[in-house]
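> output the structure for:
(2 chains)
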Number of protein chains: 2
Amino acid sequence: MARESKGSLMTVRDDVRVLDATLRDGGLVNNFYFDDDFVKALYAMNVAAGVDYMEFGYKASKDIFDPDRFGKWKFSSDDDIREIVGENNTDLKIAVMADVGRTNFKRDILEKKDSPIDMIRVATYINTLPAATEMIEDAKKKGYEATVNVMAVSKVGREDLNHGLEILAQSNVDVIYLVDSFGAFYPEQIHRLMDDYLEIGAKFNKSIGIHAHNNQQLAFANTIESLRLGASYLDATVCGMGRGAGNCFLESLLSFLKNPKYNMIPLMKFIEKYMVELRKKEKWGFDLPYLLTGVLNSHPSAAIKFIGEDRTDYSQFYQDILDDIG
Amino acid sequence: MARESKGSLMTVRDDVRVLDATLRDGGLVNNFYFDDDFVKALYAMNVAAGVDYMEFGYKASKDIFDPDRFGKWKFSSDDDIREIVGENNTDLKIAVMADVGRTNFKRDILEKKDSPIDMIRVATYINTLPAATEMIEDAKKKGYEATVNVMAVSKVGREDLNHGLEILAQSNVDVIYLVDSFGAFYPEQIHRLMDDYLEIGAKFNKSIGIHAHNNQQLAFANTIESLRLGASYLDATVCGMGRGAGNCFLESLLSFLKNPKYNMIPLMKFIEKYMVELRKKEKWGFDLPYLLTGVLNSHPSAAIKFIGEDRTDYSQFYQDILDDIG
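Numbering: from 1, shown residues only, chains lettered A, B, ... in the order given. Okay, the predicted model is just below:
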């Protein structure tokens, strides 16, 4: 635990970028069925709040996913994005996520000059890094910023992970994200991992990002621990909306950062007007079953199902997931 | 940030003690109106789960507080405790909290040999340390373990605080608690404070405790950061039940600790049977207004009132508390 803090609690770091992932990770809660009024207001909020990036959703392939079974932000066509942002003459940049194996990137990701999108976020598991690298290079060649989110690294050994990160760092990617998919990590584990990510980032001149989940109510703590150590791309969502236990709350993050360009008031007004109602309809956020899957380093799907069925027999659930991982 | 970790994520530390504060801090939610069935089940759960201490409530004076306006655990008479625990022939120790200025300790705290209580927790502000010391010495002389909880230290300068801690450390107190009353501290601030508490603790041979609040969803993170650095008395409550945003979740803490004496199953069964219903009747836990009072280092009372009135005009609330502290 020797890494020095980068900056202090009082300083502004010019390298910090906040990314609002509400539509994308929150879309996993409601199958991406956000209405346009909500999305336009979210966009306007992000512009007014000084957020750096807004992620619109996945660039999933309609050959693989049935458009009748998902809202439009599962696919995030350039036309649908333009419908919201026009020419986006603002300081807010637009991101989308492209999953390895689920995106027809050659067809669906256009040349940057013809697109409202600024950043392609490539999501991959450790075993599909060559395909991820291909997507990164395609995005960079088309003129985009590119990030790579290596998911589920709590299931990967340190040696394999660092080998994979070195491979990615040799691509033209701009940002490498540490992703705590299962909300399994404690801050001191995040610290050790960040040491590795930041060391590789420094060696290859890449920025490092953090995408945390709130299974153990540690998403914010893990995000600011990463920030303190030197991570600069920080994912958050409004009211922590995201799959299962959700994410780092954008409210928490903006209230923490000292850069005066960030403004909590538009965010609070957006929550008043839109999120209070949405929270009555959709379910996400910390709950005991998510704690249990987090502690056991398991995918939250079993917990999502358990909660969706309004079950509260937690001790039985615990036995069931122990059996599953046993 | 130079202090080494005491133990690792995998080790068992014999100095660690978990204290369940559900009745006491949770009592601030429901004015201490827990029925006996609940309290007996909570006691049995704590015994079965291997929890080290159970705090029953305040030893408030009936000369000051009207017994008709509070449940019995505001006063925690020895008879009422004995009604629950009998002779308490278990490994679980019994604690009560005694507020400076609100407890007739000479009358209401009996000799230890005549009492089911094991530990007196003296709660004080920095400006009432001499009275706190008097209560500590009274408790020690009567045969109890004694802790001191210095509240609202986020309002106290470092020099004054450390001077106060040195005074307390020269008493016969066993444990000095760092209390984040307003949920105002980030883990790196807890780290700096813990450095001071632990240094004074080492000098005077006192154990150090942590009592965290969840205004910023950092109660668990701040608790395990304190533990990592060397704190050994850890407060938590079932489902985080406590005033306003509540406390560190006992579920999180027991799942984190590696000592096999702690057992999550009785805790999960207790939550199934008692807390699911209680959560429908009583309101506590993280919410945006608590984040705001935490960030602004303010007492949560305004947020409790706001939420109690079912208001959601968060931006107006923010302006109002800015005016209050301005």
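> find the closest residue to chain B in chain A.
Using Cβ to the nearest Cβ, the single residue of chain A nearest to chain B is residue A:221, 3.4 Å away. The way it works is simple: take the backbone N, C-alpha and C, and place the C-beta from them, glycine included.
> element containing that residue, please.
helix A:219-229 (DSSP states H and E).
> contacts for that helix?
Contacts of helix A:219-229 with the rest of the structure, by Cβ atoms under 8 Å, 6 or more residues apart in numbering or on different chains, involve A:3, A:5-7, A:16, A:178, A:180, A:183, A:185, A:187, A:190-191, A:194-195, A:198, A:208, A:210, A:212-214, A:234-236, A:240, A:245-249, A:252-253, A:256, B:186-188, B:216-218, B:220-221.
> which ChimeraX command selects the buried ones in those residues?
In ChimeraX syntax, the buried subset of the contacts of helix A:219-229 is picked out as below (16 or more other Cβ atoms under 10 Å in any protein chain shown):
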select /A:6,16,178,180,183,185,187,190,191,194,198,208,210,212,213,214,234,235,236,240,245,246,247,248,249,252,253,256 /B:186,187,188,216,217,218,220,221
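> mind checking which of the contacts of helix A:219-229 land in strands?
A:178, A:208, A:210, A:234, A:235, A:236 (DSSP state E).
> what's near enough to touch the first one?
Residues in contact with residue A:178 (Cβ under 8 Å, 6+ apart) are A:150, A:153, A:190, A:193, A:194, A:197, A:208, A:209, A:210, A:211, A:226, A:231.
> how near is it to residue B:316?
38 Å (Cβ to Cβ, to the nearest Å).
> how about the second one?
In this view, residue A:208 and residue B:316 are 38 Å apart by Cβ to Cβ.
> please apply the same query to residue A:120.
40 Å.
> so for these two, which sits in the more crowded spot?
For the pair residue A:120 and residue B:316, the greater number of neighbours falls to residue A:120 (28 against 13), based on other Cβ atoms under 10 Å in any protein chain shown.
> so where do the helices sit in chain A?
Using DSSP state H, the helices assigned to chain A run over residues A:22-30, A:36-49, A:78-85, A:105-108, A:129-142, A:158-169, A:187-204, A:219-229, A:250-256, A:264-270, A:276-281, A:288-295, A:301-308, A:314-325.
> just the CA trace of the second one, in PDB.
It stands for helix A:36-49. Output in PDB follows, covering the C-alpha atoms of helix A:36-49 (Å, rounded to 0.1, in the frame of the first residue of the first chain):
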ATOM      1  CA  ASP A  36     -37.200  10.200 -25.300                       C
ATOM      2  CA  ASP A  37     -38.400  12.800 -22.800                       C
ATOM      3  CA  PHE A  38     -36.300  11.100 -20.100                       C
ATOM      4  CA  VAL A  39     -33.200  10.700 -22.400                       C
ATOM      5  CA  LYS A  40     -33.400  14.400 -23.600                       C
ATOM      6  CA  ALA A  41     -33.600  15.600 -20.000                       C
ATOM      7  CA  LEU A  42     -30.700  13.300 -19.000                       C
ATOM      8  CA  TYR A  43     -28.700  14.700 -21.800                       C
ATOM      9  CA  ALA A  44     -29.500  18.300 -20.900                       C
ATOM     10  CA  MET A  45     -28.700  17.500 -17.200                       C
ATOM     11  CA  ASN A  46     -25.300  16.100 -18.100                       C
ATOM     12  CA  VAL A  47     -24.500  19.200 -20.200                       C
ATOM     13  CA  ALA A  48     -25.600  21.500 -17.400                       C
ATOM     14  CA  ALA A  49     -23.900  19.500 -14.600                       C
END
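> I'd like the average pLDDT over it.
Average pLDDT, helix A:36-49: 98.
> before we move on, what about stretch A:168-178?
On average, stretch A:168-178 scores 98.
> list the buried residues of that stretch.
Neighbour-count burial for stretch A:168-178 [16+ other Cβ under 10 Å]: A:168, A:169, A:171, A:173, A:174, A:175, A:176, A:177, A:178.
> before we move on, what about stretch A:107-124?
Within stretch A:107-124, the residues that count as buried by 16+ other Cβ under 10 Å are A:108-109, A:112, A:115-124.
> also stretch A:31-50?
In stretch A:31-50, counting by 16+ other Cβ under 10 Å, buried: A:32, A:34, A:38-39, A:41-50.
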